[in-house]
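In: How does the following fold in three dimensions:
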Amino acid sequence: MKFLKKKQPPLEITAERDRIQQILVNLLSNAIQYTQTEGKVRLSLDDAGDYVVIKVMDNGIGIPEKDLDRIFERFYRVDKARSRHSGGTGLGLSIVKHLVESMDGEILVVSKENEGTTFEIKLPKIK
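Out: From the prediction side, this is the model:
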C-alpha cells in the first residue's frame, strides 16, 4: 500500500543565507558536542501561522536550571572546564540570539540536566 503525502506549500522567511547557516551550525554543533555517542539530535521545521519554527533538540547532558537565564550572555560558559577543553569561547549562543533578533525573531530554550535541551527559534514568514 502506498501512502501519498499532501504537498505542503513551502515555508518561506526573509533571511540571509549566512545568518541561518551560522545559527544552525552553532546550535547543531552544541547539540552534538553535549550529547553522548548513543544519544539523539533532532532538527525540525514547522509552520506556526505567521512564523516558521525551527527546533534543535537533543537528549544530551542538558543545562542546569541555574544557568538557563545566562546562556545567551557573551562569554558565559555553563561548564568552564569542559568548554576550555572543547575550545568554546562562550560567544556562540550570544551570536545566535543576536542573529535571530536581527531577523525579527525570538529564541527560547528549555533544558533539564541529564535529559536534554531544546532550542526553539521563531522567525516571521514572508507575507
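In: so which helix or strand takes in the residue nearest to Thr118 when sequence neighbours are not counted?
Out: Taking Cβ to Cβ, 6 or more residues apart in numbering, and ignoring the residues beside it in sequence, Thr118 has Met57 as its nearest neighbour in space, at 4.5 Å. For every residue, glycine as well, the C-beta is placed using N, CA and C. Using DSSP states H and E, Met57 sits in strand 51-58.
In: hmm, who's touching that strand?
Out: 11-13, 23-24, 27-28, 31-32, 34-35, 39-47, 105, 116-125 (Cβ atoms under 8 Å, 6 or more residues apart in numbering).
In: Just name the shakiest helix or strand of this structure by mean pLDDT.
Out: helix 80-86 (a mean of 48; mean pLDDT, DSSP states H and E).
In: Give the buried subset of the contacts of strand 51-58 as a PyMOL selection command.
Out: To isolate the buried members of those in PyMOL, using 16 or more other Cβ atoms under 10 Å:
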select buried, resi 11+23+27+31+34+35+41+105+116+117+118+119+120+121+122+123
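In: Now, the contacts of strand 51-58 that are in strands?
Out: 41-47, 116-124 (DSSP state E).
In: Identify the farthest-apart pair in those.
Out: Greatest spatial distance in these: Gly116 and Pro124, 27.5 Å, computed using Cβ to Cβ.
In: what's the angle from the helix ranked longest in the chain to strand 116-124?
Out: Ranked by residue count under DSSP state H, the longest helix found in the chain is helix 17-33. Orientation check (axes from the mean of the first three to the mean of the last three Cα atoms, to 10 degrees): helix 17-33 against strand 116-124 gives 170 degrees.
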